[in-house]
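**Q** Have a look at this fold, sequence not included:
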């Protein structure tokens with residue numbers, strides 16, 4: 001079996017059928033589908049069970065609620081494919097996703113991870129856009145410098161719903177880090193990218209649904225603590241960061257972007273300050289030097305004004 005497709009499922013009754021249907025509609029059929037119900041409290045598990053009924057290559061397993069990383073890792077343990085793909089229960093694939101991924105694996109067999117471009121969908125606002133990955137104009141497929149490409153536009157060149165990982169690499173990395181509420185996927189991708197080549201196909205073959213749980217789509221302080229937030233776990237890359245200028249630029253940009261809300265609301269002040277002190281501000285836009293040097297109430301006011309202006313602009317469109 002070439003591919004194992006893993007879908008973690010938690011309270012996505014309104015969306016899971018569409019995700020499953022997009023897998024069942026794949027033109028490449030050498031795959032298995034493992035859905036991991038992470039203790040859903042709604043009708044998600046029942047809907048998923050009905051959707052895969054009659055498909056011998058699909059099954060649903062259940063666990064007590066333990067988080068998305070545990071669900072994905074358990075899905076991998078229950079699967080058998082040589083290559084692993086992940087799809088969240090509120091996203092969906094284009095029919096050619098697995099077929100194109102198979103071709104990419106054959107064309108670039110030495111990669112430790114494979115990714116495709118993707119479409120960002122916001123049906124509420126009637127907006128769709130292809131992610132502006134920072135590859136050169138005309139780039140079709142090949143190996144990329146992950147850190148350099150990511151830092152160029154800050155669009156993720158590797159996104160969970162559009163990647164494929166050889167099982168041996170996933171197991172070597174011990175899977176997704178558990179206990180992380182935001183950024184568990186980035187930490188895994190980066191660990192792989194620092195050791196293996198990254199292959200990328202510049203076709204939008206997956207759909208990233210931003211209509212779901214909007215409060216959790218961005219970087220928010222609600223529900224997070226330092227130990228469950230990716231940016232506070234960058235210490236593991238300390239040696240690489242000193243040696244790799246591209247990694248340094250990427251991590252600095254992620255630090256200032258992801259910690260700004262915490263900084264402006266005076267949350268986790270000491271931990272945030274420790275991370276920001278590591279930043280070389282020559283690697284980021286000048287405005288972030290301003291935000292991190294003025295008193296936090298002023299930073300908060302500036303961010304709120306920006307948010308109001310952005311919402312007003314969207315409403316007038």
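**A** Yep, it's here. As the structure is a prediction and not an experimental result, all values here were calculated from the model.

**Q** For residue 38, list each beta-bridge partner.
**A** Here residue 38 sits in beta bridges with residue 63, going by DSSP bridges.

**Q** I'd guessed it sits against residue 71; true?
**A** Yes: the pair residue 38 and residue 71 qualifies as a contact (CB atoms under 8 Å) at a distance of 4.4 Å. To be clear about C-beta, it is placed using only N, CA and C from the backbone, and glycine gets the same treatment.

**Q** Show me the common contact partners of the two, please.
**A** By CB atoms under 8 Å, 6 or more residues apart in numbering, residue 38 and residue 71 have these common neighbours: 8, 9, 10, 63.

**Q** Quick check on these: which are buried?
**A** The neighbour count (16 or more other CB atoms under 10 Å) marks 8, 9, 10 as buried among the shared contacts of residue 38 and residue 71.

**Q** List the ones among those that fall in strands.
**A** Among these, the members falling in strands (DSSP state E) are 8, 9.

**Q** quick one: low-confidence parts of the stretch 151-300 of the chain?
**A** Scanning the stretch 151-300 of the chain for pLDDT under 70 picks out the ranges 212-224.

**Q** can you rerun that using 80?
**A** 211-227 (pLDDT under 80).

**Q** In it, what residue spans correspond to strands?
**A** Here the stretch 151-300 of the chain has its strands, by DSSP state E, counting those that start in this stretch, at 163-166, 197-209.

**Q** and these, which is most packed in?
**A** The highest mean neighbour count among the strands of the stretch 151-300 of the chain, using mean count of other CB atoms under 10 Å, belongs to strand 163-166: a mean of 24.

**Q** Counting by contacts, list what that strand packs against.
**A** In terms of contacts (3 or more CB pairs under 8 Å, 6 or more residues apart in numbering; DSSP states H and E), strand 163-166 is packed against strand 83-86, helix 97-107, strand 111-122.

**Q** Could you dump those into a markdown table with mean pLDDT, distance to residue 256 and mean neighbour count added?
**A** Shown next, in a markdown table, are these (pLDDT from 0 to 100; distance: least, CB to CB, whole Å; neighbours: other CB atoms under 10 Å):
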| stretch | mean pLDDT | distance to residue 256 | mean neighbour count |
| --- | --- | --- | --- |
| strand 83-86 | 98 | 28 | 24 |
| helix 97-107 | 98 | 33 | 19 |
| strand 111-122 | 96 | 22 | 22 |
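
**Q** how about CSV for the ones you listed, with distance to residue 53 added?
**A** Listed next are these as CSV, based on distance: least, CB to CB, whole Å:
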stretch, distance to residue 53
strand 83-86, 22
helix 97-107, 21
strand 111-122, 27
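
**Q** Quick one: closest of the ones you listed to residue 245.
**A** strand 111-122 (21.1 Å; CB to CB).

**Q** partners of that closest one in the sheet?
**A** strand 127-130 (antiparallel), strand 163-166 (antiparallel), strand 197-209 (parallel).

**Q** To residue 279, which of those lies closest?
**A** Here strand 197-209 is closest among the strands paired with strand 111-122 (CB to CB), at 24.6 Å.
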